[in-house]
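> build me a structure from this.
(2 chains)
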There are 2 protein chains.
Amino acid sequence: MADKQFVKEIADINVDFPQWYTDVVLKTQLVDYGPIKGTMVIRPYGYAIWENIQKELDARFKATGHQNAYFPMLIPQSLLNKEAEHVEGFAPEVAVVNVAGGEKLAEPCVIRPTSETIICSMYSKWINSYRDLPLKLNQWANVVRWEKTTRPFLRTSEFLWQEGHTIHAIREESLAETLDMLHLYHDFARDVLAMPTFIGQKSEKEKFAGAEATYGMEAMMLDGKSLQAGTTHHFGQKFSKAYDIQFLDKDSKHKYVWQSSWGVSTRLIGAIIMAHGDQRGLVLPPKVAPIQTVVIPVAAHKAGVIEKAAEIAEVLKSCGIRVELDVRDQSPGWKFNEWEMKGVPVRIEVGPRDIEQGVVTFSRRDTCEKATMPINGIAKSVAVLLDDIQTKMYEKSLAFRDSHVKLAHNMDELGKVLDDKCFAKVVWDKNPACEALFKEKFQATVRVMLDEKPFQNVCACCGHKSDDLVVALVARAY
Amino acid sequence: MADKQFVKEIADINVDFPQWYTDVVLKTQLVDYGPIKGTMVIRPYGYAIWENIQKELDARFKATGHQNAYFPMLIPQSLLNKEAEHVEGFAPEVAVVNVAGGEKLAEPCVIRPTSETIICSMYSKWINSYRDLPLKLNQWANVVRWEKTTRPFLRTSEFLWQEGHTIHAIREESLAETLDMLHLYHDFARDVLAMPTFIGQKSEKEKFAGAEATYGMEAMMLDGKSLQAGTTHHFGQKFSKAYDIQFLDKDSKHKYVWQSSWGVSTRLIGAIIMAHGDQRGLVLPPKVAPIQTVVIPVAAHKAGVIEKAAEIAEVLKSCGIRVELDVRDQSPGWKFNEWEMKGVPVRIEVGPRDIEQGVVTFSRRDTCEKATMPINGIAKSVAVLLDDIQTKMYEKSLAFRDSHVKLAHNMDELGKVLDDKCFAKVVWDKNPACEALFKEKFQATVRVMLDEKPFQNVCACCGHKSDDLVVALVARAY
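Here you go, the predicted model:
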């Protein structure tokens, strides 16, 4: 009874996916709404996921030669205005500070919606010669973009992210960086978030304001919609010319630097939820789960049960497993439900009968299978189990995704594929008019252009032949 | 020659301490000025110190039962206004957002100068019963306080910090938390920053806006001035009443929670610089130094030198020592100067003659002593050396501080002690008029009230007897 009531708090994932999402993020205490519309409070359970993401990504950034820095959040309006496309893209969303310290500011400033402009202004000051290059910086920061429609993690007025900004002496190097970071994100999503992604270049329409080329990482959510989970941008020399970032090269000539930027945000938490969740709530990949294993005493009033549970928790903890011992007043059934809803990968039940036999009962969250394992050597067994869950979650996601991507040879087929809650591979001639039709007819967009050979010789939309056909991944998206 | 020229870039520490500070922070590339007055860019070398501080503190916070979370940066004006003393203290310094997303906001919001108000509003929503208590959260965040006079790290419009906010069912517990965290900061400063500090309660005048009691950690800088390096606050029920944070206690009565908050900021980097620096520049404690050991090939053109230097650097790195191999074009002398200025604790020179003898020459930054050590077992030797530098730096700071604290029995003596660039211990009757005189006559303030027995029976300022005399630490301060 208690079980069912508990799960009832969450909307049916198959009936109302958006409501399921909202229920899950609020009831598992990942997040809450802030007092200002569109802002979110990231609660400890949600923030711990972000910390795990940060730790993994930060190590990968540093291993590839990047350093962290911190640039001011407030940007003078005039600085934002220097790159024309950039300001056009971001000006409508910025929050503006007009008054500070009790006085009207001579020049208003904006809260960073992204930091290209302020970072470029510093790079311009710092860079003298080719010896100063490449400069590969990253910052972990908050940004503000005033959005009309918001949802926790997916789109919020303020969010947390990392933004990498690199400058290079030659074009090939900055382009390589742009693609290297795209692959770094892809591998991170696969290995840490257990999430297969599509990567590729974005269309002209979808590229970042001020970039020469934008690349995206797209993940399939369980409702068949795509979520842009990360982007990398190649700026060429657009910003370096606007912000005058020049260096004296080996040939004694002054040249403009070549530039990239790339970022992922707290949106990744939304991606994890919608890529892995189920009827009971969250299903967290072990590598980012704040709690990897929960230990619950059963018949806790019996002699030695709590002590044994505590001992097991201690053993797991000492082996580096993130463990929680739940000795609260509530019934085991209530606890089972709560930790299932919270997506903890492994639950261990410690009861008197099991103790007698030198075993514990465990349940893995991904499959909800139950079995027993010996107490002897339990840390090793749990570590192996966590690895297996991580692997199986990826395989399951990959199988789901692969069975939900279909070829669409024409607009009719495209409509059907999308209505089947699938991604479509579509041969496209890059004509913006066709792209506009995807949107108009099906509320779908070109997510990325895949590095694949076209499987037909005409555009699926306009039917034209072209020497520049691409395979576009078309989907409805968050 | 090159040596001297290099050092000349920094003002003489004994002649112009403020200019020395400015030269050091800019020339070692810890920091640069942002485009908006009073803002700073924390460059990679400075940010890496902050990351080391964060890592050490965060582990200590978590080990004492705190969890991290993240609250929105933008606070509705009305929310700030709820606690009268608090708003009076902070309103003059806030930056106000009036326009966002292209529209004038119905209600202006402020960028957090600190987060009590927004966190209290969420606590009020989250807390129901005694089972929800204590709640001990911390956040790592940026804050904005519009200051008139600013200096990098010491006082900037935007800075980075951590702010802990805890709520408890009983007063004793929140007061204990307030003091525990004060001691946590003190121990951290001692063990990680190699910096002795004085801790104690702040005077009424110096306490945080809205607190019942504020406690401070004060460090002595090399110019004899005090730097407030951390504070903890006991709010009693002031905020919980203003923001209605009630819980249902075991006795079925609704009660207001008891509350603490505590924080340290990027100001600590300024403290490290001014507590340990010398004529040549920075002297960084090994535990926070971004680079603990630099390896420099000497006569690098000779066969095998660069290879051996690289091999040694690799060995040190694999043992967890933060190491930099400097194989740039510049001369060894130039490099020695640069790394000394940057405060790297240990320099290792690898030259052909040393290699033949199976040794390297090393120099420790704290004493500038040079000696040799065998290449065999070098990682262990360097680790021991780093520990010794950490210890000796603390001992040196402690000896300096102890020789610069003097008793002042009356106002004349107080003036002399302060002019000798020392801290004064002063018996004080807590009369604000006396405190005002310290300021008026000597530009000095009560830094903290020490937990010591008064050494005379009258106030050093007004000469009055009192039952409530305290030993005040009086100093000029940053």
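
> quick one: end-to-end distance for stretch A:210-229.
This stretch, stretch A:210-229, spans 20 Å end to end (Cα to Cα, to the nearest Å).

> cool, stretch A:188-202 as well?
OK, stretch A:188-202 end separation, Cα to Cα: 20 Å.

> what does stretch A:118-134 give?
18 Å.

> and the contacts of it?
With contacts defined as Cβ atoms under 8 Å, 6 or more residues apart in numbering or on different chains, stretch A:118-134 is touched by A:71-72, A:75, A:79, A:112, A:135, A:137, A:165-169, A:173, A:177, A:239-240, A:242-250, A:257, A:259, B:32, B:34-35, B:41, B:328. Every C-beta, even on glycine, is put in place using the N, C-alpha and C of the backbone.

> cutoff 6 Å now
Here stretch A:118-134 makes contact (Cβ atoms under 6 Å, 6 or more residues apart in numbering or on different chains) with A:71, A:75, A:79, A:165, A:167-169, A:239, A:243-245, A:247-250, B:35, B:41.

> can you list the buried residues in that stretch?
Within stretch A:118-134, the residues scored as buried using 16 or more other Cβ atoms under 10 Å in any protein chain shown are A:118-124, A:127, A:130, A:133-134.

> quick one: that stretch to chain centroid distance?
Computed by Cα atoms, centre = their mean, to the nearest Å, the chain-centroid distance of stretch A:118-134 equals 30 Å.

> now swap in stretch A:457-476 and tell me
Distance of stretch A:457-476 from its chain centroid, counting by Cα atoms, centre = their mean, is 29 Å.

> repeat that for stretch A:103-110.
34 Å.

> what is the mean pLDDT for that stretch?
For stretch A:103-110, the mean pLDDT works out to 95.

> format the CA atom coordinates belonging to it as CSV.
Output in CSV follows, covering the C-alpha atoms of stretch A:103-110 (Å, rounded to 0.1, in the frame of the first residue of the first chain):
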residue,chain,number,x,y,z
GLU,A,103,24.1,55.5,-7.8
LYS,A,104,23.0,55.4,-11.4
LEU,A,105,25.9,53.9,-13.4
ALA,A,106,27.4,56.2,-16.1
GLU,A,107,27.3,53.1,-18.4
PRO,A,108,24.9,50.3,-17.8
CYS,A,109,26.4,46.8,-17.6
VAL,A,110,24.9,43.4,-18.3
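
> can you check the pLDDT for residue A:6?
At residue A:6, the predicted lDDT confidence score is 52.

> gap between the residue nearest to the spatial centre of chain A and chain B?
The residue lying closest to the centre of chain A (Cα atoms, centre = their mean) is residue A:268, at 2.1 Å. If you measure residue A:268 against chain B using Cβ to the nearest Cβ, to the nearest Å, the figure is 14 Å.

> and that residue, what is it in contact with?
Residue A:268 makes contacts with residue A:53, as judged by Cβ under 6 Å, 6+ apart.

> local confidence estimate at it?
On pLDDT, residue A:268 comes in at 98.

> what strand or helix carries residue A:32?
Element membership for residue A:32, per DSSP states H and E: strand A:31-33.

> how about residues contacting the helix or strand that that strand is followed by?
Once the chain leaves strand A:31-33, the next helix or strand it forms, by DSSP H and E, is strand A:40-42. Applying Cβ under 6 Å, 6+ apart, the contact partners of strand A:40-42 are A:31-32, A:34, A:152, A:156, B:70-71, B:122.

> check stretch A:296-310 too.
Identification of contacts with stretch A:296-310 by Cβ under 6 Å, 6+ apart yields A:295, A:325-326, A:332, A:335, A:349-352, A:355.

> can you add neighbour count, distance to chain B and secondary structure and give those back as JSON lines?
Shown next, in JSON lines, are the contacts of stretch A:296-310 (neighbours: other Cβ atoms under 10 Å in any protein chain shown; distance: Cβ to the nearest Cβ, whole Å; DSSP: H, G, I helix; E, B strand; the rest coil):
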{"residue": "A:295", "neighbour count": "26", "distance to chain B": "18", "secondary structure": "strand"}
{"residue": "A:325", "neighbour count": "21", "distance to chain B": "14", "secondary structure": "strand"}
{"residue": "A:326", "neighbour count": "20", "distance to chain B": "13", "secondary structure": "coil"}
{"residue": "A:332", "neighbour count": "15", "distance to chain B": "18", "secondary structure": "helix"}
{"residue": "A:335", "neighbour count": "19", "distance to chain B": "14", "secondary structure": "helix"}
{"residue": "A:349", "neighbour count": "21", "distance to chain B": "22", "secondary structure": "strand"}
{"residue": "A:350", "neighbour count": "27", "distance to chain B": "22", "secondary structure": "strand"}
{"residue": "A:351", "neighbour count": "20", "distance to chain B": "24", "secondary structure": "coil"}
{"residue": "A:352", "neighbour count": "16", "distance to chain B": "26", "secondary structure": "helix"}
{"residue": "A:355", "neighbour count": "21", "distance to chain B": "28", "secondary structure": "helix"}
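
> could I get those residues in TSV, plus columns for pLDDT?
Below are those laid out as TSV (pLDDT from 0 to 100):
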residue	pLDDT
A:295	98
A:325	98
A:326	97
A:332	95
A:335	96
A:349	97
A:350	97
A:351	96
A:352	96
A:355	96
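
> these: which two are farthest apart?
For the contacts of stretch A:296-310, with distances taken as Cβ to Cβ, the pair at the greatest spread is A:335 and A:355 (18.1 Å).

> OK, contacts around residue A:460?
For residue A:460, the contact set (Cβ under 6 Å, 6+ apart) comprises A:408-410, A:426-427.

> mind checking the SS state of the nearest residue to it once chain neighbours are set aside?
In this structure, residue A:460 finds its nearest non-sequential neighbour in residue A:426, 4.6 Å apart by Cβ to Cβ, 6 or more residues apart in numbering or on different chains. When classified by DSSP: H, G, I helix; E, B strand; the rest coil, residue A:426 comes out as strand.

> show the buried residues in the contacts of stretch A:118-134.
A:71, A:75, A:79, A:165, A:167-169, A:239, A:243, A:245, A:247, B:35, B:41.

> quick check: the two most widely separated of the residues you listed?
A:75 and A:169 (26.8 Å).

> from residue A:19, how far off is residue A:11?
In this view, residue A:11 and residue A:19 are 4 Å apart by Cβ to Cβ, to the nearest Å.

> now residue A:364
Distance of residue A:364 to residue A:19, computed by Cβ to Cβ: 27 Å.

> which one's more surrounded, those two?
Between residue A:364 and residue A:19, counting by other Cβ atoms under 10 Å in any protein chain shown, residue A:364 is the more crowded of the two (18 against 13).

> I'm done for today, thanks for sticking with me.
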